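A.B. asks: please find the sequence and the predicted model below.
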Amino acid sequence: MSMAKPLSKLMSCVILDLDGTLINTDGIVCDVLRVHLVKYGKKWDGKRAHRIVGKTPYEAAAAIVEDYELPVAANEFLSELTPIFSNKWGSIKAQPGANRLINHLRSHGVPIALASNSSKENVETKISFHRGWKESFSVILGGDEVTNGKPSPEIYLEAAKRLKMDTSTCLVIEDSLPGVTAGKAAGMEVVAVPSLPKQTDVFTSADEVINSLLDLKLEKWGLPAFEDWVEGTLPIEPWSIGGPVIKGFGRGSKVLGIPTANLSTEAYSDVLSEHPSGVYFGWAGLAGRGIYKMVMSVGWNPYFNNSEKTIEPWLLHDFDEDFYGEDLRLVIVGYIRPEANFPSLESLVAKIHEDKKIAEEALELPLYLKYRDDSYLKQNC
């Protein structure tokens, strides 16, 4: 999901948003609202999440009060939520690729600023739980330090001023439309990393739209390139997921000629929400059968336009029979590419087979091969 306009400027610094861009705040917000709105006899379904992403805390509270017709003033509702959120800041995880990005920029001497609509106190509290972050930023700005928050360009203009950089040399990385609008109004180049799914088409003002921070190509902006890709794959912090194999959409073998072993996402929605959509690979342990190489997609599969985020692993082995109901365990060790749409079924199938080849070869590397012996896989093999 990368849409880039022709680039003509070289950047000298990077200004980052925090919530939704560097940390996975959205999951915490949804969890809190899901519980708290019950007090008012309301149910949070996430359908209005776009109304609060990128807004100041007060604006977000006002939007919820209005949308759900709550019998309370916005400032009172915000006062109710503030202590609840404050108790949860320590459990917010970094977005995949966030630590990699910050460490890379710092090690190459690229000036970095943090500019958030959250208050300065909340910003500093949130980043205090992530080792090395605070000292990596030359400038940290909260929304309460400017007169107008995003989408006003004020906070980005102030960040550039404190960095002593010309606005035309600043690269902004944002997850929300208000943030992108603010960055562009400040005369900066902006990369959008939408935190809400299926939102690519609304970020037309961004100079580039990418699926996740894992897909960021800094060299496009004249900044030092990442050097951690290995034979078309990006090593990631391993994560695992497992459960009984279920019947999927019926398109794997029948439509694609690719037999996927689907897992129910009902019990793993929180885990999947932590990981960007895309194509990953790793090892699969199948109860009583063995351990196999696998490549898998996570996401909404744009070609088929899934309504829910799914996980569809392809075990790279020829099986003589189906194994529905059998326990399948996955250890995901690397990333290949973001999700993409395709002009035809044939081009989709060809790309999946290319992913297979990349995964098969990469899993022979010691970097990935060692995870074949992961105890999680062997518990049921």
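C.D. replies: That came through fine. Here the structure is a predicted model, which is why all the values come from computation and not from measurement.

A.B. asks: how about low-confidence regions in the stretch 201-350 of the chain?
C.D. replies: 248-257 (pLDDT under 70).

A.B. asks: all strands for the stretch 1-150 of the chain, in order.
C.D. replies: 3-4, 13-16, 112-115, 139-141 (DSSP state E, counting those that start in this stretch).

A.B. asks: of those, which is nearest Gly334?
C.D. replies: strand 3-4 (24.0 Å; Cβ to Cβ). For every residue, glycine as well, the C-beta is placed using N, CA and C.

A.B. asks: all helices for the chain, in order.
C.D. replies: Using DSSP state H, the helices of the chain run over residues 25-36, 57-67, 74-86, 98-107, 120-127, 154-163, 177-185, 269-273, 345-362, 366-369, 375-378.

A.B. asks: weakest of these in terms of mean pLDDT?
C.D. replies: Among these, helix 269-273 has the lowest mean pLDDT, at a mean of 79.

A.B. asks: name the residue most distant from the centre of this structure?
C.D. replies: Centroid-distance maximum for the chain: Asp320 at 37.0 Å, with Cα atoms, centre = their mean.

A.B. asks: Ile352: what's its closest spatial neighbour, skipping adjacent residues?
C.D. replies: Nearest non-adjacent residue to Ile352, counting by Cβ to Cβ, 6 or more residues apart in numbering: Ile258, 5.9 Å away.

A.B. asks: look up how far Val295 lies from that neighbour.
C.D. replies: Distance, Ile258 to Val295, by Cβ to Cβ, to the nearest Å: 10 Å.

A.B. asks: quick check: longest strand of the chain.
C.D. replies: The longest strand of the chain (DSSP state E) is strand 234-246.

A.B. asks: quick one on the thing from earlier: looking at Ile258 and Val295, which is more packed in?
C.D. replies: Between Ile258 and Val295, counted using other Cβ atoms under 10 Å, Val295 has the larger neighbour count: 28 against 17.

A.B. asks: these two touch, right, that one and Asp355?
C.D. replies: Yes. The pair Val295 / Asp355 is scored as a contact, 5.2 Å apart, by Cβ atoms under 8 Å.

A.B. asks: for the residue nearest the centre of the chain, which residues are in contact?
C.D. replies: The residue lying closest to the centre of the chain (Cα atoms, centre = their mean) is Pro276, at 4.2 Å. For Pro276, the contacting residues are Pro96, Asn211, Ser212, Leu214, Val298, Gly299, Pro338, by Cβ atoms under 8 Å, 6 or more residues apart in numbering.

A.B. asks: hmm, 6 Å instead?
C.D. replies: Pro276 makes contact with Pro96, Asn211, Ser212 under the criterion Cβ atoms under 6 Å, 6 or more residues apart in numbering.

A.B. asks: what about the residue lying closest to it once chain neighbours are set aside, how many neighbours?
C.D. replies: Nearest residue to Pro276 in three dimensions, chain neighbours excluded: Ser212, at 3.4 Å (Cβ to Cβ, 6+ apart). Look at Ser212: counted by other Cβ under 10 Å, it has 21 neighbours.

A.B. asks: with Val139 instead?
C.D. replies: Neighbours around Val139, by other Cβ under 10 Å: 19.

A.B. asks: returning to what we had before: quick one: the residue nearest to Ile352 from Glu326, how far?
C.D. replies: 19 Å.

A.B. asks: what's the answer for Ile246, then?
C.D. replies: 10 Å.

A.B. asks: again with His130
C.D. replies: From His130 to Glu326 the distance is 39 Å (Cβ to Cβ).

A.B. asks: the more surrounded of those two?
C.D. replies: His130 (17 against 14).

A.B. asks: quick check: closest non-adjacent residue to that one.
C.D. replies: His130's closest residue in space is Ala94 (Cβ to Cβ, 6+ apart), at 5.8 Å.

A.B. asks: just Thr147 next, same as before
C.D. replies: In space, Thr147 is closest to Glu154, 6.3 Å off (Cβ to Cβ, 6+ apart).

A.B. asks: wait, the one you found sits on Leu141?
C.D. replies: No. Assessed by Cβ atoms under 6 Å, Glu154 is found out of contact with Leu141, at 9.8 Å.

A.B. asks: give me the common contacts of those two.
C.D. replies: If you check Glu154 and Leu141 against Cβ under 6 Å, 6+ apart, no residue is contacted by both.
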